[in-house]
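A.B. asks: Take a look and give me a structure for this.
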Amino acid sequence: MVLELVAFDIESTGFGVDDEVTTVGFAVPMGVRVFVQTGGRDADNVETRVDDRVPVHVQVTTHATERELFEAVGSFTSERLCNEDVLLVAFNGERWKGGFDLPFLRTRLARLGLAWLFGDVPYADLLPVLTRRFNTTVTSGEADDDGSMSDDRTDLVSLYNVLCDGRHSDVDPFVESAEAVAAFNEGRFAELVAHNVADVLRTRDLGQLAQWYCSKSEFSVKSLSPTVQR
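C.D. replies: The predicted structure follows:
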């Protein structure tokens, strides 16, 4: 049985323990589900403005605080992901020696005293399987400082553009992911959501590619269930 692949990605205000999650997005078969924190600011018509620039249906809900965002995400995951035939995937979300999304979420939830969001959900990180089982070396026309004329592409955008058709990159309003922080700070929520949508769509497409060309054993699937329910 092939599990339904659901890609997810988060955006944050930075990388420190006091930084907050601003956006959580999931690519599901019928489109993309996005939760965005507004910090209590106005975000009228954000869903309409995102739909105008994105080629898939996007459902967006806005939440005044990070706590309210997590509570909404928790309701979604318990209803949509738990006890279902779903495989949650991320790109560098959590690997054997690293990752961003899941460790960041654990710290933020712990600091707010909230329960873990992903009970009874199998998870696989796409970064290891993509870099181990696909050739991601791009030959350039000029030598690097070390004399090499090739470069391994291992970030999400570069891998997507190398291995897939690159079409979802047109959805992304940012050149660098760091621009998502400025967008949140300046209240440009439609751009922030569009960036998150682009990332989860790129992640989903790369996950499907890996399913087409790699065996199940390459995915290193693990459970995200906590040892004790809070």
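
A.B. asks: could you say which helix or strand contains Ser225?
C.D. replies: Counting by DSSP states H and E, no helix or strand carries Ser225.

A.B. asks: isn't it right next to Asp120, touching?
C.D. replies: Yes. Here Ser225 lies in contact with Asp120, judged by Cβ atoms under 8 Å, at a distance of 5.1 Å. Quick note: C-beta positions are derived from backbone N, CA and C, even for glycine.

A.B. asks: how about the strands in the protein?
C.D. replies: Residue ranges of the strands in the chain, as given by DSSP state E, are 4-12, 21-28, 31-37, 58-63, 86-90, 122-125, 137-139, 150-152, 222-223.

A.B. asks: wait, which of these is closest to Leu209?
C.D. replies: strand 4-12 (10.7 Å; Cβ to Cβ).

A.B. asks: got the contact list for the closest one?
C.D. replies: Contacts of strand 4-12 with the rest of the structure, by Cβ atoms under 8 Å, 6 or more residues apart in numbering, involve 19-29, 81, 84-91, 93, 101, 104-105, 180-181, 184, 192, 195-196, 199-201, 203-204, 207-208, 211.

A.B. asks: Strand partners (parallel or antiparallel) of that strand?
C.D. replies: The pairing partners recorded for strand 4-12 under DSSP bridges are strand 21-28 (antiparallel), strand 86-90 (parallel).

A.B. asks: For Thr23, which non-adjacent residue is closest in space?
C.D. replies: Glu11 (3.9 Å; Cβ to Cβ, 6 or more residues apart in numbering).

A.B. asks: which residues of this protein score low on pLDDT?
C.D. replies: Scanning the chain for pLDDT under 70 picks out 1, 140-150, 152.

A.B. asks: quick one: the residue positioned nearest the centre of it from Ser217, how far?
C.D. replies: Against the mean C-alpha coordinate of the chain, by Cα atoms, centre = their mean, the closest residue is Asp9 at 1.6 Å. Per Cβ to Cβ, to the nearest Å, Asp9 is found 25 Å from Ser217.

A.B. asks: what residues are up against the spatially closest residue to Gly166 that is not a sequence neighbour?
C.D. replies: Nearest residue to Gly166, sequence neighbours excluded (Cβ to Cβ, 6+ apart): Tyr160, at 6.7 Å. With contact set as Cβ under 8 Å, 6+ apart, Tyr160 has these partners: Gly166, His168, Ser169, Arg202, Asp205, Leu206.

A.B. asks: Distance of Tyr160 relative to Ala198?
C.D. replies: 9 Å.

A.B. asks: Run the chain-centre distance for the longest helix seen in the chain.
C.D. replies: Once the chain is assigned using DSSP state H, the helix that runs over the most residues is helix 189-213. Helix 189-213 sits 7 Å away from the centroid of its parent chain (Cα atoms, centre = their mean, to the nearest Å).

A.B. asks: buried set for it?
C.D. replies: 189-207, 209-211 (16 or more other Cβ atoms under 10 Å).

A.B. asks: Out of the strands of the chain, which is closest to Asp44?
C.D. replies: Across the strands of the chain, Asp44 has its closest neighbour in strand 58-63 (9.0 Å, Cβ to Cβ).

A.B. asks: Check what contacts that closest one and list those residues.
C.D. replies: Strand 58-63 has contacts (Cβ under 8 Å, 6+ apart) with 31-38, 43, 46-47, 50-51, 69, 71-72, 189, 193, 197.
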